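Asker: need a structure here:
(one chain, ligands or ions: 1)
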Amino acid sequence: MNCEEIEALKHAYADRELDLVRTTEIEHHLSDCRACSQAYENIRALSSALKSSDLYFKAPAHLRRRIRASLPNEARSSSSQPFGWCLQPHSLGLLPMNALPRKSLPIMCGH
Ligand SMILES: [Zn+2]
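Answerer: Numbers count the residues shown, from 1 in each chain. Modelled structure (predicted):
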């Protein structure tokens, strides 16, 4: 895997969305490439800062019930928290989308 491929996949990797083969390939590259390793550490630092700030909150139970009720049946039963990714401030309209760096959005939507 080269640096361009890492660039394209680093957010998915940070969000643990990749399969074992790609994860292993990326880890191997990160252990050998200082630039990509630093870029990945920046993603982790940003993600950590966003999770620990006041920007992150748990949606009230009534909102979660309304969202769950609006989902098709298969989406409701696919996971214990099928829409945890969308309970972020920006997806609820509480934070302007342009308030975040564009590349940080996959981090926010991954969990
Ligand atoms: Zn690299």
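
Asker: the longest helix anywhere in the chain close to the ion?
Answerer: Criterion DSSP state H: the longest helix present in the chain is helix 34-52. Yes: Helix 34-52 is in contact with the ion by Cβ under 5 Å from the ion, via C36. Where you see a C-beta, it was placed from the backbone N, CA and C, and this is true even at glycine.

Asker: could you export the following helix or strand past that helix as PDB, CA atoms only?
Answerer: Downstream of helix 34-52, the first helix or strand assigned by DSSP states H and E is helix 61-70. Output of helix 61-70 as PDB, limited to C-alpha atoms (Å, rounded to 0.1, in the frame of the first residue of the first chain):
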ATOM      1  CA  ALA A  61     -34.400   9.300  24.900                       C
ATOM      2  CA  HIS A  62     -37.500  10.800  23.200                       C
ATOM      3  CA  LEU A  63     -35.400  11.900  20.200                       C
ATOM      4  CA  ARG A  64     -33.800   8.400  19.900                       C
ATOM      5  CA  ARG A  65     -37.200   6.800  20.000                       C
ATOM      6  CA  ARG A  66     -38.500   9.200  17.300                       C
ATOM      7  CA  ILE A  67     -35.500   8.500  15.000                       C
ATOM      8  CA  ARG A  68     -35.800   4.700  15.700                       C
ATOM      9  CA  ALA A  69     -39.500   4.800  14.800                       C
ATOM     10  CA  SER A  70     -38.700   6.600  11.500                       C
END
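
Asker: next, the buried residues of stretch 46-64.
Answerer: 46-47, 50, 55, 59 (16 or more other Cβ atoms under 10 Å).

Asker: what about that stretch, average pLDDT?
Answerer: For stretch 46-64, the mean per-residue pLDDT is 83.

Asker: so how far does that stretch reach from one end to the other?
Answerer: One end of stretch 46-64 to the other measures 26 Å (Cα to Cα, to the nearest Å).

Asker: pick the one among the buried residues of stretch 46-64 closest to I26.
Answerer: Checking the buried residues of stretch 46-64 against I26 with Cβ to Cβ, the nearest one is S47 at 16.1 Å.
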